[in-house]
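S.K.: dropping a prediction and its sequence here:
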Protein chains: 2
Amino acid sequence: MGAGEAGLIGRATLEDVARIAGVSLATADRVVNRRDGVRDKTIARVEAAVSKLGYRPDPAAARLARNQSFRFLFVLPSGANSFMTLLGEQVARTADWLAVQRAFIDVEYVDVFDAEALARVLENLLPGYHGVATIALDHPRVRAAIDDLADRGIPVVTLVSDVPSARRLHYVGIDNPAAGRTAANLMGRFLRGRQGVVGVIAGSLSLRDHAERLYGFNQVLTREFPDLVVLPAVEGRDDNEQTLAATTSLLQQQPGLVGLYNVGAGNRGIAAALQQAGRDQDIVWIAHELTPHTRRFLLHGDVDAIISQNPGHEARSAARVLLAHCSGEKLVPDQERIGIDIFLRDNLP
Amino acid sequence: MGAGEAGLIGRATLEDVARIAGVSLATADRVVNRRDGVRDKTIARVEAAVSKLGYRPDPAAARLARNQSFRFLFVLPSGANSFMTLLGEQVARTADWLAVQRAFIDVEYVDVFDAEALARVLENLLPGYHGVATIALDHPRVRAAIDDLADRGIPVVTLVSDVPSARRLHYVGIDNPAAGRTAANLMGRFLRGRQGVVGVIAGSLSLRDHAERLYGFNQVLTREFPDLVVLPAVEGRDDNEQTLAATTSLLQQQPGLVGLYNVGAGNRGIAAALQQAGRDQDIVWIAHELTPHTRRFLLHGDVDAIISQNPGHEARSAARVLLAHCSGEKLVPDQERIGIDIFLRDNLP
DNA sequence: CAAATTCTGAGGTGCGCAACTCAAAAACTG
DNA sequence: CAGTTTTTGAGTTGCGCACCTCAGAATTTG
């Protein structure tokens, strides 16, 4: 079963091309691999044969012959909230999957909030790496480190959080302003007909992704839902304790609170605060990132919607982008587009 | 750049395994390929070396050596609504991508509603195909045809619409009851505080996916939103004209209509009907499948939410599942899970 | 027209593996 | 212990390609 039958389907080989073009294998090879020393007329003949036969070099054989392999470094945050833990797991599984493609992933962990530490890792990248993927921090030294790597021909992809001004090859992650707008849209519609105040909690306003989400959220909510008033964001440092405290004081100071948007992590803190105040079912709460915790809160009806990104997709996408860049293969662009997922209780995976 | 360095990373080869195990290459090969004629003691020695070195056969080299290739048939509906057109395009792009993996896709078109025709195609499958993917119809003869193929060792994956009772290898598509529940959830929340009637339009109640969505929709709406009354579904045959007519008469007969759920295609008909009645902004309309048309309706504020599935993901997933099955590779399960996408105006791709 | 230059053909090697043969060695049998 | 069977070693071939050499052919130049 599944045996042989190569000739049946007739994938054209370089030898076929050479025969059809009436040249030798060596010349055909020179043409397809863009080596010089071939007359234009001959090149045209070979290319005609290529397109006539629909010849496409077998990438497996090519990689085998070139005997090349790639090594990538993933730099992930060490202070692990649930989402980052998921991402770490997915990177590990991606490594497994990539090994099969003759590519290898190493992972290094640095403190999320420590831009200097991240920059140091990038600056001291060991030789031998063909690419880097990292959760970037938008900081001058990080940006410089990324540009340096780019200058050295080492592609960098930013993961989850971008540094648009740096010469990174690619950003793998969601459109954060759009995510914020989406949250606002849901918030506004879920609160239809109610007036009141909407609280916002962010991890840190100096995290680019959080700031962008906030921007989008405010934009849509103030413009399209004038019955609702958005409070200034308070910082929870992506930490459950601090977020609990912040939420509790928010609840006390704002009796008219009808909605809560958590831009970052720390959702367990919010759940605890709402429960203590007995308002877990009544306040419309929108959170980010589907994790075991937020999933539970959603199923219980505490969280009303989760805006999320798929860590598995992101890990694989980062790897694919790096690999495709290094080996000159092309990729399917819309396979690498990370969507803004909306999860309600009924469409949970 | 990107050159060589194979040995640096040290992917172990079979030869390494043989040397470490103190056996010949031939014996190592016998063990890893489960050929017999090797003593248990020797097998153990080789396997120890395999795990010690972390040896994993290079699948590219293996496929090259086996010189095997696969051929799959995709059976798609010919009566093309927008979504099916998208799916067709994505299958074509997948074919392109698969060619690189030494696998080939042929596409055949049959009428969506003609179960007999579909069954005939499956029954008369040409030899040489290693697998089939099809938008299935839940019909006895189709089911029998699928089971027959399964008996002949030809894997069948159902695409978009399933036949759970048949021995298909895999279903690539969304959980349709859950999609219906998701639509109901959104409908209920978007209509918070309003009372009235919700109309439902389906392509055909004999299409399994439509019936399932309907079931989920009714279930949630009646149970959780008692202020809303769901009308019996009317059929639009996934056709713009018929759907226009159905919607128009619905609008006339139901002055209290506040929501509209279209389970299938024909959304252009709905848009026209709503516009003619001047109710395009007022009625909450939830539709399925993100296409150029529904996208436009969503941006205009006519459609309030789109429940969708990603045709590109589905096409690639079907191909990956078939390929992995045929070549005995394993796949990443959650990469093959098709999610229920929710699109609002703000999170459109 | 000869010399210099540019092209081209023929051939080889190796990548890691599958699949095979054949002979030799080791392990069992009676 | 001879005879049989099972296990192992050594080797070959080919998959499609990349990359290399070298000699000979075709073309251009002086």
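M.R.: Sure thing, it's come through. Computed from a prediction, not measured in an experiment: that's the story for all the values here. Residues are numbered from 1 along each chain as shown, chains lettered A, B, ... in the order given.
S.K.: helices along the stretch 151-300 of chain A, start to end?
M.R.: Defined through DSSP state H, counting those that start in this stretch, the helices belonging to the stretch 151-300 of chain A, from first to last, are A:176-190, A:208-224, A:240-253, A:267-276, A:292-299.
S.K.: and for the residue in the stretch 51-200 of chain A positioned nearest to DNA strand D, the neighbour number?
M.R.: With distances taken as Cβ to the nearest atom of the strand, the stretch 51-200 of chain A approaches DNA strand D most closely at A:A65, which sits 3.0 Å away. Placement of C-beta: from N, CA and C, glycine included. The local packing of A:A65 (other Cβ atoms under 10 Å in any protein chain shown) involves 11 other residues.
S.K.: what helix or strand is it on?
M.R.: Assigned by DSSP states H and E, A:A65 falls within helix A:59-66.
S.K.: show me how far that helix is from its chain's centre.
M.R.: Taking Cα atoms, centre = their mean, to the nearest Å, the mean C-alpha location of helix A:59-66 is offset from the chain mean by 29 Å.
S.K.: equivalent analysis for stretch A:233-244, please.
M.R.: Distance, stretch centre to chain centre, for stretch A:233-244: 24 Å (Cα atoms, centre = their mean).
S.K.: pull up the distance across it, start to finish.
M.R.: The distance separating the two terminal residues of stretch A:233-244, taken as Cα to Cα, to the nearest Å, comes to 14 Å.
S.K.: what's the answer for stretch A:109-121, then?
M.R.: 9 Å.
S.K.: in that stretch, what's buried?
M.R.: Across stretch A:109-121, burial judged by 16 or more other Cβ atoms under 10 Å in any protein chain shown covers A:109-110, A:112-113, A:115, A:117-119, A:121.
S.K.: what residues does it touch?
M.R.: With Cβ atoms under 8 Å, 6 or more residues apart in numbering or on different chains as the contact definition, stretch A:109-121 has outside contacts at A:75-79, A:84, A:108, A:134-137, A:139, A:141-142, A:144-145, A:204, A:238.
S.K.: just the buried members of those residues?
M.R.: Buried subset of the contacts of stretch A:109-121 (neighbour count, 16+ other Cβ under 10 Å): A:75-77, A:84, A:134-137, A:139, A:142, A:145, A:204, A:238.
S.K.: among the residues you listed, which are in strands?
M.R.: Applying DSSP state E to those, the entries found in strands are A:75-77, A:134.
S.K.: point out the residues in the stretch 51-200 of chain A that sit beside DNA strand C.
M.R.: Counting by Cβ under 7 Å from any atom of the strand, the residues of the stretch 51-200 of chain A close to DNA strand C are A:61, A:64-65, A:67.
S.K.: need the CA coordinates for stretch A:188-207. CSV is fine.
M.R.: The C-alpha trace of stretch A:188-207 is given here as CSV (Å, rounded to 0.1, in the frame of the first residue of the first chain):
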residue,chain,number,x,y,z
GLY,A,188,-20.3,48.0,23.8
ARG,A,189,-22.7,45.5,22.4
PHE,A,190,-22.9,43.3,25.4
LEU,A,191,-23.7,46.4,27.5
ARG,A,192,-26.3,47.6,25.0
GLY,A,193,-28.8,49.8,26.7
ARG,A,194,-26.9,50.1,29.9
GLN,A,195,-25.1,53.2,31.1
GLY,A,196,-22.0,53.2,33.3
VAL,A,197,-18.4,53.0,33.7
VAL,A,198,-15.9,50.6,32.1
GLY,A,199,-12.7,49.8,33.9
VAL,A,200,-9.4,48.9,32.2
ILE,A,201,-6.5,47.0,33.6
ALA,A,202,-3.2,46.6,31.8
GLY,A,203,0.0,44.7,32.6
SER,A,204,2.2,47.7,31.9
LEU,A,205,1.6,50.7,29.7
SER,A,206,5.2,50.5,28.5
LEU,A,207,4.5,47.1,26.9
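S.K.: is that stretch anywhere near chain B?
M.R.: Yes: using Cβ under 8 Å from any Cβ of the partner chain, stretch A:188-207 reaches chain B at A:189-190, A:192-193.
S.K.: and that stretch, what's buried?
M.R.: Under the neighbour-count criterion of 16+ other Cβ under 10 Å, stretch A:188-207 has A:188-191, A:196-204, A:207 buried.
S.K.: of all pairs in these, which one spans the longest distance?
M.R.: A:R189 and A:S204 (28.4 Å; Cβ to Cβ).
S.K.: of the helices of the stretch 151-300 of chain A, flag the one that's most buried.
M.R.: helix A:176-190 (a mean of 25; mean count of other Cβ atoms under 10 Å in any protein chain shown).
S.K.: which residues sit in contact with A:D96?
M.R.: Here A:D96 is in contact with no residues (criterion: Cβ under 8 Å, 6+ apart).
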